[in-house]
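S.K.: Below is the sequence, then the predicted model.
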Amino acid sequence: MVRGSNGVAAAVNFYQNGLGLNIVRHTDEWAELQCPVGQPSSSSSSLPDYTASAQHPPTNNNFNLTIQACESEALLGVGYSPFLNFDVDDMDMTVARCVQMGAHLDGPIQYPAHGKVAALRSPDGHMIGLYEPSI
C-alpha cells in the first residue's frame, strides 16, 4: 500500500514508534515499512520484537507500507482513505502513544464482546483501525 505524505520523516516516525512497524528503506522522499502479518503491531509497554521464535517462526508473510513524498492536494487528500487495521496487545497504551504522536481518535473506543475496537487518524489524516481481542 502506498500513502502520500508531505512529511515522510514524520510519517515514518509515527508508523515506527506509534505502531511498531519496521523500517526497510528510508530516504527524504520515500520510505518502506514492514509489519509481519499475524503478529500484533504493538505491545503493552514497549514496541514489539519481531525476531523469530518457536511461537512465531520466520515467515515471508509481511505487510509493506510505502510512504511517498508528495505536494499535490489531490494525492494528499485522505477523506475516507482505506483503513490500515492492526491487532494490538494493549489498546489504551497504543492509542495514548499514537495520540501523543499527533493522531486523533475518530470516535470513541468501542467495547464489543469480542474485544476493543478503535478508529483513529494518523497525523497525515489516514484512517487506522485498531483491534485488541478479548482474552
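M.R.: Here it is on my side, so go on.

S.K.: State the paired neighbours of the one helix or strand residue 131 maps to in the sheet, together with their directions.
M.R.: Element membership for residue 131 (DSSP states H and E) is strand 127-133. Looking at strand 127-133 with DSSP bridges, its partner strands are strand 84-87 (parallel), strand 115-121 (antiparallel).

S.K.: Worst mean pLDDT among the ones you listed?
M.R.: With a mean of 88, strand 84-87 has the lowest mean pLDDT of those.

S.K.: For the next helix or strand after it, buried residues please.
M.R.: Using DSSP H and E, the next helix or strand after strand 84-87 towards the C-terminus is helix 91-100. Judged by neighbour count using 16 or more other CB atoms under 10 Å, the buried positions of helix 91-100 are 91, 93-95, 97-98. Every residue, glycine included, has its C-beta placed from N, CA and C.

S.K.: if I look at the spatially most central residue of the chain, how far off is residue 32?
M.R.: Nearest to the mean C-alpha position of the chain, by CA atoms, centre = their mean, lies residue 19 at 4.4 Å. In this view, residue 19 and residue 32 are 15 Å apart by CB to CB, to the nearest Å.
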